[in-house]
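Q: Make a model of this:
(chains A, B and C)
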Amino acid sequence: MATVRIQKDTSSKVIAVIAYLFVSIFAVLCLIPFIMMISASFSSETAIMQAGIGLLPKEPSVEAYRIAFLSPKYLAGSYIVTILMTCFGTGIGLFLIGMTGYVLYRKDFFLRNKIAFYIYFTTLFSAGLAPTYLWMIKYLGLKNNYLAVFLPLLMNPWLIFLMRNFMKSIPYEITESGKIDGAGDFRIFVSLILPMLKPALATVGLFLALGYWNEWYNSMLYLQNVDFVPLQYYLYNIVNKAAALNQSVAGANVTVGHLPTQTLKMATAVLTTGPIIFLYPFVQKYFISGITVGAVKG
Amino acid sequence: MKNSFQRGLALFLTTIIILSLASCGGGDAVSKISSKVAAKSSETDKKIDTSEHKKIVFLVLGDKPTNGRMEASMAKENKLLTQKINTELSLQFIEWADWQAKYQLALASGDSSIDLVGTATDWLYAWPLVRKGAFLPLSEDMLSTYAPQTWKSVPKEDWEECTSEGKIWFIPEDQYTQWTNHGMFYRGDWAKETNLSNGKVTRFEDLETYFDGILKNHQGVIPWDVSGPNNLWGLLPGYLESHTQDIVILGVDPAIFYYDRSDPYKVISPFMDGQEFVDAVKLMKKWGDKGFWRSDVLNYQGDTRSLMYAGKSGADQHHTQTFVTTTRPQMNAKQPGSDLQFYYWGEENKNVNRDLITHGALAISASSRNPERALMVYDLIRNDKQIYMLHNFGIEGKDYLINKDGTLGHPKGYDETKDALGTNFWYGRIDKFEPDHDNWDNAAKKQIFEELDKVAGKYALSKFVFDPTKVSAEIAALTDICNSQMPSLAYGKAGDPVQAVAKFREALKSAGYEKVKTEVQDQLNKLKSSQS
Amino acid sequence: MTYQTNQSLKAKSKWKKWRDSRTLILMSLPAVLFFLIFCYLPMPGAYIAFTDFNYQKGIFKSRFVGFDNFRFLWQSGKLWMLTRNTVLYNLVFIFLGNFLQVFIAILLNEVRLKWFKKLSQSFMFLPYFISAVLVGLISYDILNYDYGFIPALVRYLGGTPPKFYSNPNAWPIIIVLVNLWQTTGYGSIVYFATICGIDPTLMEASEIDGANGFQRIRYILLPSLKPTVIILILFSIGGILKGNFGLFYNLVGSSNAALLPVTDIIETYVYRTLINQFNFSFSAAAGLYQSVFGFILVMVANGMVRRIDSDYALF
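A: Next comes the predicted model:
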């Protein structure tokens, strides 16, 4: 069969123009502050504070990076811990979320809505800071344990519902034909459904990975005495220490040479964002445009 | 198969539920144990049994050091501690990120592994924590048995400042002289360019002359660059302190309740009543309009001290300790010839007080399993010179040196940002063992300390412990109004001063000011009658 | 006799339901356990909002104080203003945000140049990573009167520079724009992925039928996005009283009284009042208020959607 020729009618051309225009403007608007951030990280603290951030570095200096790299062993350790957690967390979480999403997708499952509500309810009410902390430390015994950071991020109601929603585009007949062939629900899920979910898995996987990569809150609460803490928290700490010592009550007690705060914030942001910029292109190839798939099939 | 599975599942779920219900009573069990221990210790005679090796944990503030120096000096310190009292000490750090929440959580969790707790009545919530049951009461018996040197060296009236409802709750850092009274740092060289006599700022209004001078002689420099969000009330308290004999009552939020030096037991508020506050706001508007600080000061988050070091700002506001240990030495190095000076609030009318002895204090956690041994460790850290030096300064020769003139220095190549020890013992330092650092401006320190020592009074209400339970909602509302409206008043962003002050006072009244004031007065009256 | 048979039939069929779905039940177990352990079991701790929390006694043995801890929310008379601000901002974020995300996703789909698509998507993704603190710094550098980019530009062009930080009217717009800037790229990914999942034969068929670009978008793309949009909006409604604290605190701060009436939300208020008196019970009370409000709202919204088409409902 001949390949389908995509007609370029006027309205398509107009839409294309609008698309390129808007997307370019928006992309540039998103890029510029990021460039400002990078420039600021390579500037000197006083230049920034006096005259603010610009597109180019002011009084170029690597002082902020020097401070951030003061303990290279610990920085490297943080990277490793974060990468490990991200990889395992994304892998395991993706599977669990996919499975849960499938269960919720099955209209014939009589507990479906109850479980959906059960999961969603947790986004409405939470125990609060102190009770959650007490629960994790006292009853789950997770003080100083990486699991305190790793486990809570595995499943996320929003991602579960997102997954269920992606699955809705999979025709129900697939499950039914699987059942007719005698396969159990789990096998249907693994062999028939999962392979059809590439964009869904890519999206949810991306968000999951980002959740792990950016995590610092639970690390701050529960990891007091480990050697290597997740990256975001490690860098957050450096910035906070500078700020605390420069201005706080305790500053009176400590004589410290002056630490740059603004440029330090920028440098730490660059250090955490950098790797993600490299991750995203890998994920992008899973967002296969529908038309391309069609062409191959045809 | 499914039967056993379901049984297993049911068992599993039941176990979880039972565990969660059972642990609800955890706190109670712990308090029973610690009261038993406290009782037992008061029954022992003076013979102390140290046959069992124990590990004591000390909760301190600060970032966990990563350069290995603390571990090295702690190893030596622990050798000595084991030798003397068969104990090992380790530090648990509350890191700076969100430290207020973490500090409270650590104590709220009833973590029984914590023994010693560093605290303070002004910035580490000591009294609210006492009320919340976080600390173990220290009986005279306990203290005299297990911390005899400390017990003997702290005079009775100092113990009384740590007492509430007849019990001692923490040990004060009362033998360490520090001055944390606030004021303004200004450059001596630039002050000389104005017509200030001797080039010195000696009263609040002189600051205007100084700032005017900067605007005139140094273009591009902001007279006093300040970050509004980091200095919410600006110079308003300072103005009040320099124009009245009012002293703020500590421990009551928000800090608008004062007493007059001549009548300590009467609550007043210069913020609510009187003309001084209106004059202050008027002056701040004038200064703001003149351009002494940035126009968007209320949203500026920069680090203005660095700007002063870079010569872009002409002043910085903080306290004496910072002046002698940090800003003056730094300015000497970074802006040679700047001759940084310090004008402190109340300098002209001698309205300045000594530091609280509980600016640093040591408490024992209520859930500690070894309170006696913890006290013994503290007694040694505080009073044994060898252990004190190891704990506070590290290993001699590697972390510090004592110079010929007796000051403390560091070996060549030592970088404070990289090599600091980080044990952060701010809870029991004593002057006897604290040498001056060679990178402080010790001449200035001596001069200022002596001057302050001569003029300073004593805070009269150090025994006053305010219980806010009945008025906590009103206090929250008052705090909200103060923290949201005061900055605009302090930096001249509130329009006509007279109207703005009237509006502010009106808002405080409707938020419950009178109720709180009455409550404070009632509790003060109770204190007064219990003392007479 | 019939009665007994009906009962036993019912019992039998109930048991059969569980038996037949046992694999699905097992498959749902990880989620059920996860949320049980990490969310439901600690949830009773929310009781802390009704007590004078004593650290020694623990949550459940502390003194019960009823609604005393909630008083600080209305003591200052600001509760209505705070609630209104929070809700309005969130409504705009939700509806305008999702609209923009759909818009960008559709546009992206129309872009044919692969490298352009990939590059621009990567760029649009970046703002999500810039922390709220940095956003605050950057916007200060753009807006401040003394040396900010916009006032400087206006000065250069000969006009009087605007005083953004003294003008409350500018801020709803600024805050919404910044939030949209930060979240659109990230949020559009979901919609873009949904579009990628559209059955390609559908698209081809419409081309053959002679549908033009606009018609394609209107009759195929939009309807296919509709379920996702509804689900995401419903999901967000539960959090309508929960503000993006980081955004508001760093962009506007909480010390500028002129701006507060239009920019103060519940969380910045709570933060400001509790700075010095650290009080777990108070913040728990505020959290409970936010939760109950959101719960009622989402139950109502979900109920309404369910009545229209139960397929679109959340549960």
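
Q: give the contact list for residue 116.
A: This is for chain A. A:104, A:161, A:164, C:314-315 (C-beta atoms under 8 Å, 6 or more residues apart in numbering or on different chains). Placement of C-beta: from N, CA and C, glycine included.

Q: ah, I was thinking of chain B
A: The contact partners of B:Leu116, by C-beta under 8 Å, 6+ apart, come to B:56-59, B:362-365, B:368, B:374, B:377-378.

Q: of these, closest to chain C?
A: B:Ser365 (9.7 Å; C-beta to the nearest C-beta).

Q: SS state for the residue lying closest to that closest one once chain neighbours are set aside?
A: Distance criterion C-beta to C-beta, 6 or more residues apart in numbering or on different chains; nearest residue to B:Ser365, sequence neighbours excluded, is B:Ile114 at 4.6 Å. With DSSP: H, G, I helix; E, B strand; the rest coil as the basis, B:Ile114 sits in coil.

Q: B:Ile114 - how many residues pack around it?
A: Residues near B:Ile114, counting by other C-beta atoms under 10 Å in any protein chain shown, number 23.

Q: Surely it is in contact with B:Ser367?
A: Yes - counting by C-beta atoms under 8 Å, B:Ile114 does reach B:Ser367; the two are 7.3 Å apart.

Q: and whichever residue of the stretch 101-250 of chain C sits closest to chain A, backbone torsions?
A: At 2.9 Å from chain A, C:Pro200 is the closest residue in the stretch 101-250 of chain C, using C-beta to the nearest C-beta. Note on C:Pro200: its backbone torsions stand at phi -60, psi -30 [degrees, to the nearest 10].

Q: That one - how many residues pack around it?
A: Counted with other C-beta under 10 Å, the neighbours of C:Pro200 add up to 20.

Q: The one 3 residues further on too?
A: C:Met203 is surrounded by 22 other residues when neighbours are defined as other C-beta under 10 Å.

Q: Verify the stated contact: it with C:Arg216.
A: Yes - using C-beta under 8 Å, C:Met203 is in contact with C:Arg216, at 7.2 Å.

Q: Identify the residue nearest the residue of the stretch 51-200 of chain A found nearest chain C in space, chain neighbours excluded?
A: Per C-beta to the nearest C-beta, A:Pro131 is where the stretch 51-200 of chain A lies closest to chain C, at 2.3 Å. Sequence neighbours aside, C:Gly45 is the residue nearest to A:Pro131 in space, at 2.3 Å (criterion: C-beta to C-beta, 6+ apart).

Q: quick one: secondary structure of the one you found?
A: Look at C:Gly45: counting by three-state DSSP, its state is helix.

Q: Let me see the contact set for it.
A: C:Gly45 sits next to A:127-128, A:130-132, A:134-135, C:59 when contact means C-beta under 8 Å, 6+ apart.

Q: Out of those residues, which two sit at the greatest distance?
A: A:Thr132 and C:Ile59 (11.4 Å; C-beta to C-beta).

Q: number of nearby residues for C:Glu204?
A: Neighbour count for C:Glu204, taken as other C-beta under 10 Å: 18.

Q: what helix or strand is it on?
A: In this assignment (DSSP states H and E), C:Glu204 forms part of helix C:200-208.

Q: helices or strands up against that helix?
A: On a contact count with 3 or more C-beta pairs under 8 Å, 6 or more residues apart in numbering or on different chains; DSSP states H and E, helix C:200-208 meets helix A:290-297, helix C:213-216.

Q: Let's see the pLDDT reported for the closest residue in space to B:Asn370 that isn't next to it in sequence.
A: Spatial nearest neighbour of B:Asn370, excluding adjacent residues (C-beta to C-beta, 6+ apart): B:Lys54 at 5.1 Å. pLDDT for B:Lys54: 93.
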